[in-house]
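>>> Structure here, sequence nowhere to be found:
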């Protein structure tokens with residue numbers, strides 16, 4: 001599969017940014033969920049935001065794959081040469097199409113249409129499964145190193161697809177969410193690695209496709225990438241926990257009741273809070 005560094009880097013950035021966002025969001029959601037009986041409206045707004053970003057990047061990817069100077073410009077078959085045109089661009093267009101569908105489902109799931117719960121995770125699982133299928137079934141010809149790199153990438157893709165599929169039935173499970181996040185971080189960083197191996201950003205040819213030591217090194221490097229993804233997860237989870245605890249220390253002694261205009265102050269010597277009416281003319 002002919003791969004440009006810029007295209008691989010842009011796709012990797014999309015997955016890595018989503019992984020970074022989830023590595024902060026899910027630990028915070030897990031900590032907040034312990035204190036809240038029901039999900040707040042803020043959670044729904046975040047889901048809509050994620051779906052909008054996903055759909056925007058997917059649509060931008062489709063337009064970029066089709067309408068770059070060397071793209072097929074929506075032409076799948078050439079009547080002149082009697083052959084398919086630029087199937088690699090069409091492969092990536094198909095991948096972006098299913099992520100676009102996933103983003104739209106994320107948005108609609110939070111609307112008043114009341115779609116079945118889990119449909120958003122199912123659409124994400126399908127998008128990842130389609131991505132892995134197209135990468136695995138592509139004709140790599142004699143580019144054996146290229147095939148090996150994308151086979152390793154497929155492992156991260158199908159791992160994320162499996163997690164998303166399980167989340168259809170097991171909702172809001174922190175372990176599944178964390179594992180899916182790590183698969184996105186791994187996929188994003190590995191796409192950058194593929195760009196460096198197959199097409200150097202500084203020009204020149206990529207790595208030697210016939211050197212078998214490259215296979216051993218890159219397989220080991222794949223494991224290092226996952227170790228790095230776990231390190232990012234651990235660091236962001238720790239930072240999220242510290243942030244959550246600092247907010248509790250700052251605002252933990254006062255709860256504001258917006259519905260009745262009262263505030264509850266909890267003292268260390270009293271087991272029950274005292275209701276203090278708010279006055280428009282507070283002493284200053």
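Alright, I've got the coordinates. The structure displayed is predicted, hence computed values, not measured ones.

>>> Run a quick neighbour tally on residue 54.
Residue 54 has 23 neighbours, counted by other CB atoms under 10 Å. Any C-beta I mention is one placed from the backbone N, CA and C, and that applies to glycine too.

>>> residue ranges with poor pLDDT in the chain?
1-3, 35-41, 142, 204, 248-284 (pLDDT under 70).

>>> Going along the chain, name the helices of it.
5-35, 41-67, 87-109, 119-136, 144-169, 174-198, 212-251 (DSSP state H).

>>> Could I get those in TSV, plus columns for distance to residue 205?
As requested, the helices of the chain are arranged in TSV below (distance: least, CB to CB, whole Å):
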stretch	distance to residue 205
helix 5-35	12
helix 41-67	24
helix 87-109	19
helix 119-136	22
helix 144-169	12
helix 174-198	9
helix 212-251	13
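
>>> For residue 73, which of these is the nearest?
Comparison of these against residue 73 by CB to CB identifies helix 41-67 as nearest, at 6.1 Å.

>>> which strands and helices sit next to the closest one?
Counting contacts by 3 or more CB pairs under 8 Å, 6 or more residues apart in numbering; DSSP states H and E, helix 41-67 packs against helix 5-35, helix 87-109.

>>> burial of residue 4, as a residue count?
Number of residues near residue 4 (other CB under 10 Å) recorded here: 14.

>>> need the contact list for it.
The neighbourhood of residue 4, defined by CB atoms under 8 Å, 6 or more residues apart in numbering, consists of 195, 199.

>>> What separation do you get for it and residue 188?
17 Å (CB to CB, to the nearest Å).

>>> cool, residue 150 as well?
15 Å.

>>> again with residue 168
If you go by CB to CB, the gap between residue 168 and residue 188 works out to 23 Å.

>>> and these two? which has more neighbours close in?
A count of neighbours by other CB under 10 Å puts residue 188 above the other of residue 168 and residue 188, at 23 against 17.

>>> what's that one in contact with, if anything?
Here residue 188 is in contact with 12-19 (CB under 8 Å, 6+ apart).

>>> Kindly give a single ChimeraX line that selects the buried subset of the residues you listed.
Buried residues among these (16 or more other CB atoms under 10 Å), as a ChimeraX selection:
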select :12,14,15,16,18,19
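
>>> which residues touch stretch 139-151?
So stretch 139-151 is contacted by 1, 3, 135-136, 138, 190, 193-194, 197-198, 207-210, 214-215, 218-219 (CB under 8 Å, 6+ apart).
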